[in-house]
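*Asks:* okay, here's the prediction I keep looking at, along with the sequence it came from:
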Amino acid sequence: MSQIIRSEERGHRDYGWLNTYHSFSFSDYYDPQKMHFGPLRVLNHDIVQSGKGFPTHPHKDMEIVTVIIKGELAHSDSTGKSEVIREYEVQKMSAGSGVYHSEYNNSPDKLVELMQIWIIPDRVGLTPSYEQIKFSPEQRKNNLLKIAGNSGNEGEIFISQKSEIYLSDLEKGKSLNFKPAEDFGTYLYLYEGEIEVNGEKLHKGDAIQFEDASELNIAANSNSSFILFEVTLK
């Protein structure tokens, strides 16, 4: 079974300093049909103005992954971490038993565009932790690059949940195949371009989810970028 979520069906708020799109219920956007997909709880696509951001606030019992699309974001948290996350970098903060953090666009004149992802962990009360990795554009060009998962492989962010996250930049005319594991669902969000997934056409901002697909065929009708989640549904 599959479901297409069109761009205009997402939650959207423009606060001036922040232009944000919510794939799932978040903050003052609520849709009882869009609470989560398996353990994938939040997928926000944010554009933050220069010098603006999120002041210090708490989180608990959530795996929080930040993917920078353009620009850079300054991060600081109560574990003592203070880092800058840039394009082609991914950060994970395990909120676990409780953590405070802040995030700001520290550029004086450029926007930062990012995706923030929340995944419900497989257990509560984890010790708060932080990871950050960098990859090259070539690693995801016409390829599915795994940036996070539960395997603990080198070069991937570790998530305390049976979930994997992939990024891809697919050139016009190129295609990829992906075979999800049994009893796992897939959720693909297109943040640039136009693609077809198993014959279904997606435009920028669209998403498609599958609960039981044996294979995904992803073909690019233009230069495109997307994020793909493989999540346990048990």
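*Replies:* Arrived safely, thanks for sending. Numbering: from 1, shown residues only.
*Asks:* now the end-to-end length of stretch 108-121.
*Replies:* 36 Å (Cα to Cα, to the nearest Å).
*Asks:* distance from the chain centre to it, please.
*Replies:* Centroid separation for stretch 108-121 versus its chain: 8 Å, with Cα atoms, centre = their mean, to the nearest Å.
*Asks:* hmm, who's touching it?
*Replies:* By Cβ atoms under 8 Å, 6 or more residues apart in numbering, the list of residues contacting stretch 108-121 from outside reads 36, 39-51, 61-73, 94, 96, 105, 159-161, 163, 165, 189, 191, 227, 229, 231. No exception for glycine: its C-beta is placed from N, CA and C like everyone else's.
*Asks:* ok, the most centrally placed residue in the chain to Trp17 distance?
*Replies:* Per Cα atoms, centre = their mean, the C-alpha nearest to the average position across the chain is that of Ile117, at 4.4 Å. Distance from Ile117 to Trp17, counting by Cβ to Cβ, to the nearest Å: 21 Å.
*Asks:* wouldn't Glu171 be in contact with Pro137 here?
*Replies:* No. Using Cβ atoms under 8 Å, Glu171 is not in contact with Pro137; the gap is 11.9 Å.
*Asks:* re the thing from before, of the contacts of stretch 108-121, buried ones?
*Replies:* Among the contacts of stretch 108-121, those scoring as buried are 39-50, 62-69, 71-73, 94, 96, 105, 159-161, 163, 165, 189, 191, 227, 229, 231 (criterion: 16 or more other Cβ atoms under 10 Å).
*Asks:* noted, bye for now.
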